[in-house]
Every structure is written in C-alpha cells, then in structure tokens.
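Visitor: Return a 3D structure for these sequence lines:
(2 chains)
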Number of protein chains: 2
Amino acid sequence: MKFFHTADWHLGKLVQGVYMTEDQAFVLEQFIQAIEEEKPDAVVIAGDLYDRAVPPTEAVQLLDEVLEKIVLKLKTPVIAVAGNHDSPSRLNFGSGMMKANGFHIVGNFTKDIQPVILHDEHGEVHFHLVPYCDPSVVRNILEDDEIRSHNDAAGKMIEKIKQDMDPNSRHVFVGHAFVTPTGDEEENTSDSERPLSIGGAEYVDAHLYSAFHYTALGHLHQAHKVLEDNIRYAGSILKYSISEEHHKKGFLVVEMDEAGNVELEKRLFTPRRDIRTVEATMEELLEHPVNEDYVFVRLLDMAPVLSPMEKVRSVYPNAMHVERKNYASASNVRDGEVTVNRSKMSDLDLFKAFYKEVKGMEAEEETEELFKEVLDELLKQENETSNVAKKEYIRN
Amino acid sequence: MKFFHTADWHLGKLVQGVYMTEDQAFVLEQFIQAIEEEKPDAVVIAGDLYDRAVPPTEAVQLLDEVLEKIVLKLKTPVIAVAGNHDSPSRLNFGSGMMKANGFHIVGNFTKDIQPVILHDEHGEVHFHLVPYCDPSVVRNILEDDEIRSHNDAAGKMIEKIKQDMDPNSRHVFVGHAFVTPTGDEEENTSDSERPLSIGGAEYVDAHLYSAFHYTALGHLHQAHKVLEDNIRYAGSILKYSISEEHHKKGFLVVEMDEAGNVELEKRLFTPRRDIRTVEATMEELLEHPVNEDYVFVRLLDMAPVLSPMEKVRSVYPNAMHVERKNYASASNVRDGEVTVNRSKMSDLDLFKAFYKEVKGMEAEEETEELFKEVLDELLKQENETSNVAKKEYIRN
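Guide: Take a look at the predicted model:
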C-alpha cells in the first residue's frame, strides 16, 4: 500500500494581506501530477484544508477542483479530517454522498469512529479518522467528565479505537493535533500555527499512537517525525509565515509493507514564489536582479531611507515587508554596529540628514539659514497659539 | 415519470429574530415521508435552498441530513439549482462528486448547460438546470453585450438550450427567476422575497418557456401557475413573512405522460407553528386558549396597554409582534372608530390615563395634586437649567 500524506493546505490564507490562492493552486497542481505519475492507493489530508471556517469562494472552488481531479479523474481515494482552522459542519457537508466516490472526510467528531478500509494484495488497511476537536466537545460526546486536556481527549479516543481494532489488519491514524515526544511543550511552532488552546494543555503525548502502523498528523507546519519514525507531520504545502523561511515544503510518500512497516520519502514542491528574507543596504538591493518572490526586506542602511517600499518594489514587486535592521534598536550599539539615536539629534541635524536623503547632497549654508528662520517662525507661532489655548482653557 | 417540485426552502432563515430551523426540519420530515410513500422518480428543488450565502452551520447540517435521506437512503435523485439567496460557488462544492450518487446541483451558471437525463418506460426526460444568475454574469459568460435584463439573459440561455434539444425527448426547465405572464411587473410579491434587481428589469416573460413540457420555478413564495398550467412556482415550504399569511404551503406532484403532458397535484405541509394575525382586545386575547403559533397580534384596545408583549406571551408564547390597531392612526377617526389624539391631551390627563392603566382605577384627588406639585417643580427646574445653559452658550 502506497499513500501520500499531506496536511495544512490552508486554502484561503492571507499572508501579509496577500491571498495565497494562486500559489496554492500552483503547488497543488504539482501534487496532482505526482498522483497521476505515481498512482498511490490513497491521499491522506490531515486537517486544515481551509484557513478559516468560512473560506472565500475562490478557496472553495480550488478545493472542489483539486478534489474532483484526484477523486473523479484520477480515481484516487482521498481520506481527510477537519483541522482547527476548518468548520467541522461545513466541511462535513455532502460527506455521506461523496464517500461512495472515494472522498472520505470527517468534519465532526462522533462517538462511533468507523475506519475507512482500503485493500491491497496483503489485505486490509484501516484508516482511523479523528478530526480536530476541543476537549470539551470530546468530553460531551463521550460523556466522560475526566477529559480536561487534549491529551486526555486523544487518549480516550484512541482507547475507543483500540477496542474494535482488527489485530490482523494494518492501521493508520489520521489526526490534527499538537503532538510532542512527551506531551510537553516544545519549541518548534511557527507564527502561522494558531494555538489549539489558550493557556496550554494542548499537547498530546506521541506514545499514545504506538498502536498504529503509521500516524499521519497535521497542525505543525514543519514536516518532522515525533518520537518514532512512523509518527509524522507532513507540514504545510507552502511557507505561511517568514518564520517558516527555512522549512522545506512538500508531502510524504508512505509505502507500507505486509507487516505494516513503512518506508518514507519526502517530495518537495517548487513554490510559485518563495517567502524569504533579503538583507542588504538599499544601494545593494537596487542592484539585485528583479525577482517575484515574497521577500521580507531588512535594510542595513544607517541613515533613514525615503519611500523604502516603493524602492524595494522596483526590484521585488511582491515584497511583503520592509524594515530597517538598526531602526528598532536605534538607541543602542548592537552587534558592534554604530547606530544613531535620532531622538537625541537637534532639529537642524535632523533636517540636514533628511535633506541629504531626499536631494542626495549636503544642504548649503543658505538653505540651513532658511530652515532655521522658518523653524523659529513656526516655533514662535506655536508658542503663541498654545498660550491662547491655555487662556481659553482657564476661562472655560 | 413522476417528480416532486419544491423550492425556496430558505434554510437558516430568521423571521422576526427567530430561527426557522426546527420548523423547516418539521415540514421537510413530511416531505421525506411523502417521498418514501409515493416513490417519485426525482425531486426538483428550484433554488434558494439556503437563506443566505453563508448559512449558519445548523442549516448546513439540516440540508446535509435531508439530502442524505432522499438521495442515499431513499435512492431518489435530487435535481437542484442555486437561487438568488444561495452562494453559487459554496452550493456547487462537491457537485461533481455527488452527481454519481444522484445529487445533481448547479450553483454556478456556465456556458455549457448539460441536461440531467432521467429515464422512464417512455424514454428520456431532460432536466435543464439554470441557476439564478445576474444578467451581467450571463453577459460575460455568453460574451453577448446585448444582454441587459433578466429577460434578455433568460432568452439567450433558453435559445442555447433549444439548439441542442432532442426533439424526441421530454424537457423540464428548472430555474429561479421572477417570471410573469408578460414579462412586466405584477403584484404578487411577498415581503420575504428579496428583489432580484434594484430598479426593475427583473421580470422574465413566461412565453420564453413554451418549448418545455414543464417549467419548475423558484423565487416567488406563493405557489401559482404563470401563463400556462405547466409553468409553475412551487412556493416556499413555510410562511416566511406575515404577508404570506394566507398562502397554502406545500409542494407539487408532477406526473408526466409519454407525450410530456403533465398532471399536477398540490400537497400541503402541516407547519409546526403557523404564522398568522390575531386581532382582539387584550381582554379578549387573555381568554384565548394557549397556542404555540408565531402570531402577529393587533390589539383593538382604545387605551394604551402596559407591557403588551409580556401579556400576549402568557397566551401566545411564540408571539412575534404586537401592535395597536388604532395606535398608528391615533390622530384620525378611521373606519368609524373613535380614537384618541394623545398629543392634544394635557399633562394631567395623560397622567390620569396612565395611572388608570397601571393601577386599574381612577387616580384620587390627592394623587392628582401630588402629581401637579411634582410636575411644577420639575418644569421650574428645567426652565432654570435651560436658562443657565443659554447663558453658558452665549458666554462661550
């Protein structure tokens, strides 16, 4: 049995105000092509198909098109669960009717978890679909007051699954949760992973999944194993935050033998536009070749830069963010770099720096004099106005 | 061939702030029962399955359950189009995958309208599904600049359908539009039918549908024929406004013979709670037996009534609205009834009327004196305050 494990598509996602729909369609086309070429027995999507409960219609259309191609055109069963970003009920719509065609989706958690059963030459493989679910919901549905945390909930659900588990079959768990080697916090989250719970208690102990031959997880955006080689996050299909800059995005090819042992291979996607950091002075940057990537620019200039985004976009038209590396820490000398504390500069010095930035040359003495005159005039006026205002205030 | 024609379910509808979901589930259960008993060859839903583009999850669940019962359990094909209240793309999701099971839905209008073909002992019946669509969208998709109105759009679409129409088959049109005998305005709309266009041009001439053996329409909430016996609105499944008070809600049973002639029968639903007007004085009303209907109460009392909704709800716990019949026209004598112009009553008379309403008896002389004293005091204070305010204003 060979299946593809993917997760965290987040269709409808906005990154820095930019819809990722075209970028998502671009890599999903590669995914479809891989299915066409490698003909897996199934595709597993471990939650967060959409980025929000009510996704934009473009996202709905994209998912519809992709699923139609995989399920109807390529006749490859799709096995999916809802993640914490999905709306359980909305994702569940039509699941009964679509099942017959090979699209198996579980949006709402229910008491009675029936596995999806696929066959290969060695027999049955049972896929156990557990959507993301708040512990309070699991507590109500299982009528078990002891369930307080995600770990409790996962434990009880898996206990239930194990009760009916056919010992002669192979078993795959498909879920969406924050699983760590010990059920404690670890430091590998990204900015684009919404926390499952506020105030902790969201971690699930990977040891719980030991009964399964493979555990296909979604939620964390970096592909990685947890505790064992056969407990895996596929990671998101795209970088959804600059904090994911160094992730390699793709999907996993899982080959399961007769005994349920798995061999894994990671396939990478080529993104339409990369998300990455560019560090340079403006002068250097303007020499770069024009590039379509979604860059986050960190300017190394000491002096202020006028209209930085406009300039950056002449080279990086899809730049998402520009910041001055030394700006935030302007009052410190950090990493041995000399920085300027603008708040301590005189008005005249500020003007001179600004003039130089705009005109590209030092201000002449005459210009300086003119500036001082105008400034004095303004300050005098401001003083008078504020005195008048004070008087008015006292009188009222 | 026998099929049921229904329309305008408006799942997720709020009437006067009350969700109709339970009421909708109640009549849809009757609908499902009728399908189970009469075994039609198909069910046609002519648009407005939902009340809005993003329906509440309860509505999504209800539609999912109802369709699963009809399509999967009762194996009855469902043929549906989106109405002006539905989101074309959201309703379209999964349509490709659900088709194979017998759920045929067209959310988005496309250039290439392929009929759904069903068979009976006499041959094929072609169902032509045309969702609600703004003329501007049809104009773009058909690349025809002459399309300006709904009538233009319908004309062009039907022209396209007719080009490929098999003359040896029978044809049913399924659409969602405002069709009138001549394509001009007529006076049979209800408050709960959202206009298709602002500023007219929304009417479609019924003559356009003459090529079809039956035209199953949705949009207008009252079941009726348009021009010919075989061009029909099924009406909504429930009263969705008090202006629909006298409608009989249900669905149509359409029996089509070999030649395409139809015989029609209307089946009525029993609503969980009726929507109707109650006209009575409060005294009379309080004698009525307790009733769960969604009543709109018109009080015939001359005098003001204190806490009217509270009193009404002791008899009609689901009352939606209470008004005084004579209140709005209080300054006129209308229909021969004597009414009181309160704006011409003195402060003292107003107080006396209020006292009587609250205490159930006339105010004693002592009470009147007390009221006058307090009133004088208040008026004096108000005068002084407003003089002070005037002075303040001048000074500033």
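
Visitor: what sits against the spatially closest residue to residue A:275 that is not a sequence neighbour?
Guide: Ranked by Cβ to Cβ, 6 or more residues apart in numbering or on different chains and with sequence neighbours excluded, the top spatial neighbour of residue A:275 is residue A:239, at 4.2 Å. Glycine gets a C-beta too; all of them are placed from N, C-alpha and C. By Cβ atoms under 8 Å, 6 or more residues apart in numbering or on different chains, the residues touching residue A:239 are A:245, A:247, A:249, A:271, A:274, A:275.

Visitor: What about the third one? Give its phi and psi, please.
Guide: Same thing as residue A:249. Phi and psi for residue A:249, reported as degrees, to the nearest 10, are phi -90, psi 140.

Visitor: check contacts around the spatially closest residue to it that is not a sequence neighbour.
Guide: Nearest residue to residue A:249, sequence neighbours excluded (Cβ to Cβ, 6+ apart): residue A:269, at 5.4 Å. By Cβ under 8 Å, 6+ apart, the contact set of residue A:269 is A:27, A:30, A:31, A:237, A:238, A:249, A:250, A:251.

Visitor: mind listing what the nearest residue to residue A:245 once chain neighbours are set aside touches?
Guide: If the residues on either side of it in the chain are set aside, residue A:245 comes closest to residue A:276, at 5.6 Å by Cβ to Cβ, 6+ apart. Residue A:276 makes contact with A:242, A:245, A:293, A:294, A:295, A:296, according to Cβ under 8 Å, 6+ apart.

Visitor: Which of the helices or strands spans whichever residue of the stretch 101-250 of chain A sits closest to chain B?
Guide: Here the stretch 101-250 of chain A gets closest to chain B at one residue, residue A:101, 4.7 Å apart by Cβ to the nearest Cβ. Taking DSSP states H and E as the definition, residue A:101 sits outside all helices and strands.

Visitor: Surely it touches residue B:97?
Guide: Yes: with contact defined as Cβ atoms under 8 Å, residue A:101 reaches residue B:97; the gap is 4.7 Å.

Visitor: if I look at these two, which residues touch both of them?
Guide: Common neighbours of residue A:101 and residue B:97, using Cβ under 8 Å, 6+ apart, are A:71, A:72.

Visitor: got the residues of chain A near chain B?
Guide: Taking Cβ under 8 Å from any Cβ of the partner chain as the contact definition, chain A meets chain B at A:54, A:57, A:60-61, A:63-64, A:67-68, A:71-72, A:87-90, A:92-98, A:100-101, A:103, A:396.

Visitor: Which among those residues count as buried?
Guide: Among the residues of chain A next to chain B, those buried by neighbour count (16 or more other Cβ atoms under 10 Å in any protein chain shown) are A:57, A:60-61, A:63-64, A:67-68, A:71-72, A:87-90, A:92-98, A:101, A:103.

Visitor: quick one: low-confidence parts of chain A?
Guide: Counting by pLDDT under 70, chain A has low-confidence residues at A:186-192, A:194-200, A:326-343, A:385-396.

Visitor: What segments of it are helices?
Guide: Secondary structure of chain A (DSSP state H): helices located at A:21-38, A:57-67, A:88-92, A:95-99, A:135-142, A:150-163, A:282-285, A:308-313, A:347-359, A:365-395.

Visitor: Which residues are in contact with the closest residue to residue A:109 other than its chain neighbours?
Guide: Leaving out its chain neighbours, the residue that sits closest to residue A:109 by Cβ to Cβ, 6+ apart is residue A:133, at 4.0 Å. Each residue near residue A:133 by Cβ under 8 Å, 6+ apart is listed here: A:88, A:109, A:153.

Visitor: Over to residue A:41?
Guide: So residue A:41 contacts A:1, A:2, A:3, A:76, A:77, A:118, A:120 (Cβ under 8 Å, 6+ apart).
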